[in-house]
Structures are given as structure tokens and as C-alpha cells.
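**Student:** predicted model follows, preceded by the sequence.
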Amino acid sequence: MQERMLNNSAVSEALRLLWEMRTHQALMGYFAILHSSRGEESDKGVSVNFKAFYDRFCKVKGGPHPYIKIFTQDSLKWQNKNVAGSYSPSSVRAVSPLRKVVDIVGEGRQAKYVLKEQHYSQACAHLAFNNKIPIELFSAVLFRDHLIHAEEGKEPEEVLRDAFLSEFIGSENGGEYLDLFASGFSISSDVSWFE
């Protein structure tokens, strides 16, 4: 097994392709909740540290704001620093599409986020507007500043899928994640995924 870094050109292309997708602004909040649950659906919910999630996966040094928006069609590609406030129970209105995917129990810092049944298909419908999220592209952007463990002989796309599934989905999912995610996406043939 070796550790590899993603190629900056590949990450830039993946990000550009994700920006072309129509999605709801709350999609990354859902991914933070999914990451916190690590594929274990709990009736009691999970506490979510949205700032830690954004610090790990969306922080960009030297930008006008601390976080890059991975999914946006807006010309503004930066997220403000108060990401935790964006997903607090008082900020997520009853009509928010996120509420169709997640129940929020409790208030303030004591709030727990509970993934609803069939949350992958609900997220696809309400947060991704029936567009499936390309695992390879999303994984490349998420792990752009991280070493990725790669087994010898595996194709780069498979390495990216494995990294994402390990970090976000877990092994006990049974394939339900395919209601939201699709694989088989690549980038330009003249750009390699890894350095």
C-alpha cells in the first residue's frame, strides 16, 4: 500500500465539474451529518461539528473567505466562516429541503441530527435535484490536501471511491448510497488524478 497526493489540475477540473451541477446550498450540511454518522443510522441522532467538518474538507488557505463551496452555481465560490450557524436548529427552517432528509432533535449545541429513512434517495431528490453526485469528483475535491491510501494495481478512480466510501459510508451500507451517488466519472485524459 502506498500513500498518494492528488494532482492540483485534477482537483481543479473535478471542482469545476461539480460547480456545474445543480444542487441546494444545504447539500454540504447533509454530508457533514452523513460523515458524523459514518453509515450508522441512529434513532437518537448524532452531534455534528460542522466547523470541524468544513475545516477538514472545505478550508482553503489564502482565499477571501476560509471555505470553498464545493457545490454551487453562484459566481460566489466562497462560504463564510459561520458554517455552524448555517445548520443550527434555529437556522434550518421547517421548509428547508434539509428537513426532508434529516430530523433535528433538541436545540443549540445539544441538537442531534437524525438521518431519515431512505435519506440517500431523499437527498438526491431534494438537495441534488435528482442529479447523482459523482463519487470520484467529489472525493478528489474532499481529499485534495490529504494523503490517500492506494493499493498497488488499483485504478485511480477505484482508489478515490474506496477513500470516499471508507470515510463517509462505511462497510455495512448495502449499496443504498447509490441512490445518491454514481461512479464511473473521470477527468480529461491528459490529466492524471495523482502526482
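**Tutor:** Noted; the coordinates are in hand.
**Student:** can I get the helix or strand containing Tyr30 in CSV? Just the C-alpha atoms.
**Tutor:** Element membership for Tyr30, per DSSP states H and E: helix 27-37. The C-alpha coordinates for helix 27-37 follow below in CSV (Å, rounded to 0.1, in the frame of the first residue of the first chain):
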residue,chain,number,x,y,z
LEU,A,27,-26.0,19.7,0.5
MET,A,28,-22.7,20.0,2.3
GLY,A,29,-24.5,20.2,5.6
TYR,A,30,-26.1,16.8,4.8
PHE,A,31,-22.6,15.5,4.0
ALA,A,32,-21.4,16.7,7.4
ILE,A,33,-24.2,14.9,9.1
LEU,A,34,-23.6,11.8,7.0
HIS,A,35,-19.9,11.9,7.9
SER,A,36,-20.7,12.2,11.6
SER,A,37,-23.0,9.2,11.4
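**Student:** which strands or helices does that helix pack on?
**Tutor:** For helix 27-37, the elements it packs on are helix 50-57, strand 112-115, helix 119-126, judged by 3 or more C-beta pairs under 8 Å, 6 or more residues apart in numbering; DSSP states H and E. In this view, the C-beta of every residue, glycine as well, is placed from N, C-alpha and C.
**Student:** quick one: distance of the shortest one to the chain centre.
**Tutor:** Centroid separation between strand 112-115 and its chain, computed with C-alpha atoms, centre = their mean, to the nearest Å, is 16 Å.
**Student:** go on, the first one?
**Tutor:** Distance, stretch centre to chain centre, for helix 50-57: 11 Å (C-alpha atoms, centre = their mean).
**Student:** ok and it relative to helix 27-37, angle-wise?
**Tutor:** 100 degrees (axes from the mean of the first three to the mean of the last three C-alpha atoms, to 10 degrees).
**Student:** tally of neighbours for Ala32?
**Tutor:** 24 (other C-beta atoms under 10 Å).
**Student:** check contacts around the spatially most central residue of the chain.
**Tutor:** In the chain, the residue lying closest to the centroid (C-alpha atoms, centre = their mean) is Phe31, at 4.4 Å. The contact partners of Phe31, taken as C-beta atoms under 8 Å, 6 or more residues apart in numbering, are 53, 168.
**Student:** quick one: it from Met5, how far?
**Tutor:** Per C-beta to C-beta, to the nearest Å, Phe31 is found 22 Å from Met5.
**Student:** coming back round to it: would CSV of the helices and strands packed on helix 27-37 with distance to Pro156, mean neighbour count and mean pLDDT be doable?
**Tutor:** What follows is the helices and strands packed on helix 27-37, written out as CSV (distance: least, C-beta to C-beta, whole Å; neighbours: other C-beta atoms under 10 Å; pLDDT from 0 to 100):
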stretch, distance to Pro156, mean neighbour count, mean pLDDT
helix 50-57, 20, 18, 95
strand 112-115, 30, 21, 94
helix 119-126, 25, 20, 96
